[in-house]
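Asks: My questions concern the predicted model and sequence given below.
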Amino acid sequence: MTDPTPDPVLLARHIAQQISRLADHLAVAPPRQAAQILGHVLAPDGVLDGMTGLVAAGSRFAKDRATSGALPPEVWLALGRASNDLDAICGDLAEHTDDLYRLTQAPATATARPVASALVARRHR
């Protein structure tokens with residue numbers, strides 16, 4: 001099977017642009033939609049998890065290059081640390097996905113108590 005992505009560098013640029021657009025939209029989105037966006041970003045298979053996997057793959061790449069002398073070891077260490085930090089952040093944020101999910105639900109409709117009106121019609125006998 002051929003790779004459907006002819007230019008992975010172009011794909012990376014496109015993804016970065018899309019994430020930037022998503023952040024702009026999130027900044028002005030109504031609460032329910034913002035919660036939905038964040039839910040997809042923070043989900044176990046969401047955007048942040050994907051970024052964590054991408055940084056981990058970058059760390060493996062840097063390790064191979066650092067051991068051959070093509071990259072300084074600090075590059076590998078920095079990417080490894082970033083990958084570990086992102087993984088920890090994903091775990092911390094996973095604790096709050098239920099709270100975000102609750103915001104996406106339809107608000108409960110409470111029956112309103114009758115309110116006295118200033119316009120009362122009296123019948124005269």
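Replies: Here it is on my side, so go on. What you see is a predicted model; the values in this text were computed from it and never measured.

Asks: Which of the helices or strands spans the most centrally placed residue in the chain?
Replies: Closest residue to the average C-alpha location of the chain: Val41 at 1.9 Å, with C-alpha atoms, centre = their mean. Element membership of Val41 [criterion: DSSP states H and E] is helix 31-42.

Asks: just the helices in this protein please.
Replies: 8-28, 31-42, 47-67, 73-94, 97-104 (DSSP state H).

Asks: Output those in a markdown table; the columns should cover mean pLDDT.
Replies: Formatted as a markdown table, the helices of the chain follow (pLDDT from 0 to 100):
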| stretch | mean pLDDT |
| --- | --- |
| helix 8-28 | 96 |
| helix 31-42 | 93 |
| helix 47-67 | 96 |
| helix 73-94 | 96 |
| helix 97-104 | 86 |
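
Asks: since we're on Gly38, how many residues are nearby?
Replies: That one is not Gly; residue 38 is Leu. Leu38 has 23 neighbouring residues, counting by other C-beta atoms under 10 Å. All C-beta atoms are positioned from the backbone trio N, CA, C, and that covers glycine.

Asks: No more questions from me, cheers.
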